[in-house]
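> sequence-free structure coming up:
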């Protein structure tokens with residue numbers, strides 16, 4: 001590398017290629033509403049689980065951590081995106097960009113692992129109901145959640161450790177709405193082959209491995225449900241899993257297409273919209289899925305509102 005390059009100390013996030021006729025304020029208002037609904041929905045789920053003692057079970061303990069991850073996801077990427085809509089030339093500092101990349105990777109890895117833990121919880125509940133309390137004790141639940149968070153942080157540190165030493169010079173425009181790692185790597189003035197291999201291998205190990213585990217768990221769950229004699233029993237057993245299945249489909253469907261699918265078959269803008277769906281709409285939809293399809297959550301909300309009216 002030559003020594004006459006100027007180091008980049010800040011980045012410009014290009015965001016989305018907006019049509020000049022599109023009203024930016026309308027888009028800003030729309031995304032702001034989605035962001036508020038994300039915080040409100042997940043905050044309501046989190047508060048309900050904390051306040052309602054009937055929801056102090058392993059399944060809802062895991063769900064509360066999923067709500068925390070969803071809130072963190074949105075808070076990490078959406079505010080900067082809203083700022084960029086109003087001030088497209090407003091830069092983000094190098095440290096801020098690296099922090100955003102690190103946090104996004106941490107939350108993505110953690111959510112992958114939490115979804116696996118939740119599928120294991122449903123597997124034990126349906127396939128081994130008599131041993132559920134013994135297997136899914138609170139010590140085991142806390143260990144599984146702590147391991148998910150620690151693994152998420154450590155995996156993100158690996159990517160950050162490979163990213164920080166790279167020299168950034170010349171162009172400082174990130175072709176994304178946040179500091180997504182692939183978009184940032186394209187600005188490095190050095191060979192990034194190792195980084196790209198690590199991103200792909202990390203995606204394969206953290207996405208394909210957990211997703212395969214979830215598929216195996218639900219294969220056993222489906223087999224167990226089909227063996228239940230009564231139709232009412234089968235419906236009740238499946239209803240405890242349907243919400244989780246919807247969340248798994250939304251999360252893994254978008255992420256696998258972005259990071260493991262064909263890298264040249266989809267335009268960069270299409271992948272940006274997929275990542276927007278993943279970062280904003282997924283966290284907004286998750287509490288709706290769990291509240292609309294889960295009888296215990298709906299009953300908990302009813303009890304909470306009745307209690308408020310009575311008081």
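Ah, there it is. Keep in mind that this is a model prediction, so the values were computed, not measured.

> from the contact counts, what lies against the lengthiest helix in the chain?
In the chain, assigned by DSSP state H, the helix with the most residues is helix 94-127. Under the contact criterion of 3 or more C-beta pairs under 8 Å, 6 or more residues apart in numbering; DSSP states H and E, helix 94-127 touches strand 10-13, helix 58-86, helix 132-135, helix 138-163, helix 181-185, helix 209-226, helix 231-259. Quick note: C-beta positions are derived from backbone N, CA and C, even for glycine.

> dump those to CSV, plus mean neighbour count.
Shown next, in CSV, are the helices and strands packed on helix 94-127 (neighbours: other C-beta atoms under 10 Å):
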stretch, mean neighbour count
strand 10-13, 19
helix 58-86, 21
helix 132-135, 12
helix 138-163, 16
helix 181-185, 21
helix 209-226, 16
helix 231-259, 17
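
> now tabulate these in a markdown table and tack on distance to residue 99 and mean pLDDT.
Formatted as a markdown table, these follow (distance: least, C-beta to C-beta, whole Å; pLDDT from 0 to 100):
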| stretch | distance to residue 99 | mean pLDDT |
| --- | --- | --- |
| strand 10-13 | 12 | 86 |
| helix 58-86 | 9 | 90 |
| helix 132-135 | 38 | 92 |
| helix 138-163 | 9 | 94 |
| helix 181-185 | 12 | 89 |
| helix 209-226 | 25 | 86 |
| helix 231-259 | 21 | 76 |
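
> what is the neighbour count of residue 171?
13 (other C-beta atoms under 10 Å).

> excluding chain neighbours, what is closest to it?
Nearest non-adjacent residue to residue 171, counting by C-beta to C-beta, 6 or more residues apart in numbering: residue 187, 5.7 Å away.

> dihedrals phi and psi, that neighbour?
Taking degrees, to the nearest 10, you get phi -90, psi -10 for the backbone angles of residue 187.

> same question for residue 87.
phi -130, psi 80.

> burial of it, as a residue count?
For residue 87, using other C-beta under 10 Å, the count is 9.

> distance from the helix or strand containing residue 36 to the middle of the chain?
Per DSSP states H and E: residue 36 is located in helix 24-51. Distance of helix 24-51 from its chain centroid, counting by C-alpha atoms, centre = their mean, to the nearest Å, is 15 Å.

> what's the answer for stretch 100-110, then?
Put simply, stretch 100-110 sits 9 Å off its chain's centre (C-alpha atoms, centre = their mean).

> measure residue 100 to residue 129 for me?
43 Å (C-beta to C-beta, to the nearest Å).

> out of these two, which sits in the more crowded spot?
The neighbour comparison of residue 100 against residue 129 (other C-beta under 10 Å) goes to residue 100, with 21 against 11.

> quick check: the more buried one touching residue 79?
No. Counting by C-beta atoms under 8 Å, residue 100 stays clear of residue 79, with 10.3 Å between them.

> rewinding a little: average pLDDT for the helix holding residue 36?
Averaged across helix 24-51, the pLDDT comes to 87.

> same deal with stretch 113-125?
Here the average pLDDT along stretch 113-125 is 91.

> contact partners of it?
Under the contact criterion C-beta atoms under 8 Å, 6 or more residues apart in numbering, stretch 113-125 has outside partners 58-59, 62-63, 65-66, 69, 131-132, 135-136, 144-145, 147-148, 151-152, 206, 210, 213-214, 217-218, 220-221, 240-241, 244, 247-248, 251-252.

> and what of stretch 195-203?
Here stretch 195-203 has contacts from 155, 158-159, 162-163, 166, 181-182, 185, 188, 255, 259-260, using C-beta under 8 Å, 6+ apart.

> would you mind putting those residues into TSV with distance to residue 291 alongside?
Output for those, formatted as TSV (distance: C-beta to C-beta, whole Å):
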residue	distance to residue 291
155	31
158	36
159	34
162	40
163	38
166	44
181	33
182	34
185	39
188	43
255	24
259	29
260	31
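
> pick the one among those closest to residue 110.
Nearest to residue 110, judged by C-beta to C-beta, of those is residue 155 at 9.1 Å.

> contacting residues around the closest one?
Contacts of residue 155 by C-beta under 8 Å, 6+ apart are 105, 106, 109, 202, 206.

> for residue 176, same thing?
For residue 176, the contact set (C-beta under 8 Å, 6+ apart) comprises 13, 14, 15, 183, 272, 275.

> which residue is the nearest non-sequential neighbour of the fourth one?
The shortest distance from residue 183 to any non-neighbouring residue, by C-beta to C-beta, 6+ apart, is to residue 176 (4.0 Å).
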